[in-house]
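A.B. asks: How does the following fold in three dimensions:
(2 chains)
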Amino acid sequence: MVRVRILVVEDDKKVSSFIRRGLIEDGFAVDVSGDGREAFDQVLHEPYDAIVLDIMLPHMDGLELLGEIREQGCRAPVLVLSAKDGVMDRVRGLNAGADDYLVKPFSFAELTARLRALLRRGSDLGASVLRVGDLQIDLSTRKVTRSATRISLTPKEFSFLEYLARNRGSVVTRTMISEHVWDRHFDTFSNVIDVYIRYLRAKIDEPFETKLIHTIRGVGYVLSEEHP
Amino acid sequence: MRKIPIRWKLILLGWSLAFGIALVLSGVLYFRSHDQLLHQVEKTLEWKCDEVISVLQSPGAEGMLQRFLDVETSYRSSPHTYFYQIWSERRGLLAQSRNLAGAELSTPESWDGDPVVIEIEPDPSSPESRRILLRSERLEIAARDRQPEVFVIQTAASLVPFEAAVQRVFRAATAVVVLGLGAIFFLLWFVTTRSLRPVAAMTSRASRITAESLEERLPLTGTGDELDQLAIVLNDMLDRIGTSLHQMERFSSEVAHELRTPLTRIRGEIDLLQRSEKSDTRKAQIETIIEEIERLSRLCGRLLFLARIDHQAGDSSLLGESVDLNEVASDVLEQLTPLAHDQGVELRGDANCATLVRGSRALLVEVLLNLIHNAIRATPEGGVVSVSIEADGADVCLSVEDEGPGIPEEQRELIFQRFYRIPVASNGSTEDGSGLGLAIVRGIAQAHGGRVELGDAPGGGSVFRVLLPAHSA
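C.D. replies: Numbering: from 1, shown residues only, chains lettered A, B, ... in the order given. Prediction:
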């Protein structure tokens, strides 16, 4: 099996160290760089599958580096780490070509969940039907069926389910959900997600034998046929 | 009170001063000329009386009296200007000018010599000789052959020509005053426009400085006049604002970095530790630590957010978007309805006016999320939370009303302060609250040039009102 290669660009040794250890435990191949220029050379010479990039770097600002590697034709998904959580900071990061923006401090599970989401992104781009077990989600007609039973969902419930299904098999965190389904970056949102998860469970899982929506304690949710 | 531009105030002030002065001057002029003209008439009467006296004194001239009067009153262009009447104490009426047409001028009771204005019976042939000035003089003529005789010589003048003259003076004075005031108005207009132009230029320049960048400064003309001094003071102020803003920004980003980096390290290490931990007791202990780290991280985020909001107050870059509050409210209501429903609370929305404000949509959503969240928490099962938007003068008022226990008067100001929590929580769910929610709501409202008020809801609960300046599209 080819291991997924990840470059971690972070000048704080202690932070880069736990990221490296954690990602290796999770089965990734990890390179670490603490300097923008060095990282730029590494990106040019190694084909990375994803890059974790801190914004505050010595010698070269993280966003500057991002702009340059994008100019060099690097398509690898980039997850930006930043201590700044302002809306403008976020917009600046995404405009510079970042694929996701994670505010420090973050839980390690959040980091891996986002990385996995980035790595699998595009895999079902163009697919018009998402399948998880006997659950079918038709994206063009917005029809949801399970074992040929039609399930009717509200628009919000549908986009929630769609987001879970696009990340089927991997965990999505509450922050990811509030960002993608509700476009929220604040923390006042948590209990709304709980309510919607209950709605979805009542419609998708309760009438059926096999449960598809699973809670990962302290992390988030996963839509999957087998219990993780 | 309505705002009156300083220019209009100056014009009004200068103009009313000029008006007052003109009024006094023209009044003085009017009365002076009135008196002078009247005095002239009196002098003429006196002189005419002297003529009659000289006629009376020439011996044997009494027979010529009537002829004299006829001549005196006939050669004038207007035969009804002067009137004569001569009495003898002993013999009664001696002679009368014919233009009196038989009407008798009364004899005066006192002899102080002052002429009096009287009215005589309208003469059908000369209706204008109504008001006349009458002068009477007593004259004693001693004769050798008989005892002295007392005469009363009355001369009168029609006041019509005099009144016409006074009228002319009045008209001339009025014309001068009106023209003068008009001229002064335009003069004031010109002067105020000219002298206020640099102020207007300074205002637009200053507003551009705050909107675009704090680097620019107001130009000095170098004359050292009042405007230059104002510019110097404003420039100093801009320097200070720039410095404190810069410090604030640096402080925020330093705090962000200095607090968040160690939090990130702790969080990362403890997460890895938890993953590899086999013992359930230890896992639970680690869980507790993680919860505290999360709380600390949230707090750090909120404090930074609050600091950013506070220093954004009045920053016009924040007010870039035109936001429809109705749309924001229905969006937030839709999102929170399931949550409310879940807690047995009904969420009602009522919006009925054009409600555009300038600001940041994301921040206004945050305001509503916070307020509605609080309201849902405070309202017991089966209760109603209503959200309404209405125009309130120049403001848009967004109110969130709950059916909770209400907030005691003495705590209403406190709850907006950072870290303040109501002592007895209605349902004990303040655990996850940072005590910063309402401080953030107020911070956002103030950053938008608005304010938050807390009042009593008719049903006994609280009503939070967010007032934001309305913005017309």
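
A.B. asks: Which residues of chain A lie near chain B?
C.D. replies: Residues of chain A lying close to chain B (Cβ under 8 Å from any Cβ of the partner chain) are A:12, A:14-15, A:18-19, A:21-22, A:25, A:56, A:83-87, A:103-109, A:156, A:182, A:184-192, A:195-196, A:198-199, A:218. All C-beta spots, glycine's among them, are computed from the backbone N, C-alpha and C.

A.B. asks: now those residues: which count as buried?
C.D. replies: A:12, A:15, A:18-19, A:22, A:56, A:83-86, A:103-109, A:156, A:182, A:184-189, A:191-192, A:195-196, A:199 (16 or more other Cβ atoms under 10 Å in any protein chain shown).

A.B. asks: Give me the subset of these that lies in helices.
C.D. replies: Among these, the members falling in helices are A:Val15, A:Phe18, A:Ile19, A:Gly22, A:Phe108, A:Ala109, A:Lys156, A:Asn191, A:Val192, A:Val195, A:Tyr196, A:Tyr199 (criterion: DSSP state H).

A.B. asks: how about the strands in chain A?
C.D. replies: For chain A, the strands defined by DSSP state E cover A:5-9, A:29-33, A:50-54, A:78-82, A:100-103, A:129-132, A:135-138, A:143-146, A:149-151, A:172-173, A:213-216, A:220-223.

A.B. asks: okay if I get the ones you listed as a markdown table plus distance to B:Leu273?
C.D. replies: Formatted as a markdown table, the strands of chain A follow (distance: least, Cβ to Cβ, whole Å):
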| stretch | distance to B:Leu273 |
| --- | --- |
| strand A:5-9 | 20 |
| strand A:29-33 | 19 |
| strand A:50-54 | 21 |
| strand A:78-82 | 21 |
| strand A:100-103 | 21 |
| strand A:129-132 | 33 |
| strand A:135-138 | 36 |
| strand A:143-146 | 40 |
| strand A:149-151 | 41 |
| strand A:172-173 | 19 |
| strand A:213-216 | 18 |
| strand A:220-223 | 20 |
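
A.B. asks: how much space between B:Met237 and B:Leu218?
C.D. replies: Look at B:Met237 and B:Leu218: by Cβ to Cβ, to the nearest Å, they are 10 Å apart.

A.B. asks: Just give me the residue closest to the centre of chain A.
C.D. replies: A:Arg114 (2.5 Å; Cα atoms, centre = their mean).

A.B. asks: if I read this right, that residue contacts A:Met176, doesn't it?
C.D. replies: Yes. In terms of Cβ atoms under 8 Å, A:Arg114 counts as a neighbour of A:Met176; the distance is 6.5 Å.

A.B. asks: ok, back up a step: report the lowest-confidence entry in the ones in helices among the buried ones among the residues of chain A next to chain B.
C.D. replies: Lowest in pLDDT among these is A:Asn191, which has 78.

A.B. asks: Could you give the number of residues near the closest residue to that residue other than its chain neighbours?
C.D. replies: The shortest distance from A:Asn191 to any non-neighbouring residue, by Cβ to Cβ, 6 or more residues apart in numbering or on different chains, is to B:Leu339 (5.9 Å). Residues near B:Leu339, counting by other Cβ atoms under 10 Å in any protein chain shown, number 21.

A.B. asks: Any figure for the gap between A:Ser17 and B:Ala156?
C.D. replies: 126 Å.

A.B. asks: ditto for B:Ser360
C.D. replies: For B:Ser360, the distance to B:Ala156 - Cβ to Cβ - is 91 Å.

A.B. asks: Those two: which has the busier surroundings?
C.D. replies: Neighbours per residue (other Cβ under 10 Å) separate B:Ser360 from B:Ala156, with B:Ala156 holding more: 26 against 20.

A.B. asks: Give me the neighbour count for the nearest residue in space to the residue nearest to the centre of chain A that is not next to it in sequence.
C.D. replies: Ranked by Cβ to Cβ, 6+ apart and with sequence neighbours excluded, the top spatial neighbour of A:Arg114 is A:Asp100, at 5.3 Å. Neighbour count of A:Asp100, defined by other Cβ under 10 Å: 20.

A.B. asks: Tell me which residues touch A:Asp100, please.
C.D. replies: A:Pro77, A:Val78, A:Leu79, A:Val80, A:Arg114, A:Ala117, A:Leu118 (Cβ atoms under 8 Å, 6 or more residues apart in numbering or on different chains).
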